[in-house]
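Participant: Can you look at this prediction? I've put the sequence above it.
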Amino acid sequence: MSDCIFCKLANGKIPTDVVAQNDLACAFRDMSPVAPTHVLVVPKAHHDNIIDGVPAETLAAMVALVDEVVHKEGIDQSGFRVIMNTGADAGQAVNHLHMHVLGGKDLGEALLAQ
């Protein structure tokens, strides 16, 4: 999609704070973080959400970036959360598949309401 902000960020058309990337996906810092570590992992190809026929290779590339991010950010031992929202009622604000990687503090249950 030519007007998708996450497509532009993931493919370097708009500058962002990239944490890690591979051929199929990109991880960059959320502009409105809710935790000390709040990184978005997005595929470089456009998919609206997790049920939009995403190839297994793309999902594997995204998971590989989660692994890289949590090690780089030092949250692999203390714990972290990975969230994927699908649809407006679930809180998906941008219609481009993405994972939120959250950590760096006790996330507790309060963060789930955000």
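Facilitator: Structure's in. What do you need?
Participant: and the longest helix for the chain?
Facilitator: helix 56-72 (DSSP state H).
Participant: What segments of the protein are strands?
Facilitator: 18-21, 25-29, 37-43, 80-83, 99-103 (DSSP state E).
Participant: Which of those sits closest to residue 50?
Facilitator: In terms of Cβ to Cβ, the element of the strands of the chain nearest to residue 50 is strand 99-103, at 9.3 Å. Every C-beta, even on glycine, is put in place using the N, C-alpha and C of the backbone.
Participant: what's the angle between the closest one and strand 25-29?
Facilitator: Relative orientation of strand 99-103 and strand 25-29, computed by axes from the mean of the first three to the mean of the last three Cα atoms, to 10 degrees: 40 degrees.
Participant: Next, the angle from strand 99-103 to helix 56-72.
Facilitator: Using the same axes, to 10 degrees: strand 99-103 against helix 56-72 is 20 degrees.
Participant: Quick check: which helices or strands does strand 99-103 pack against?
Facilitator: strand 37-43, helix 56-72, strand 80-83 (3 or more Cβ pairs under 8 Å, 6 or more residues apart in numbering; DSSP states H and E).
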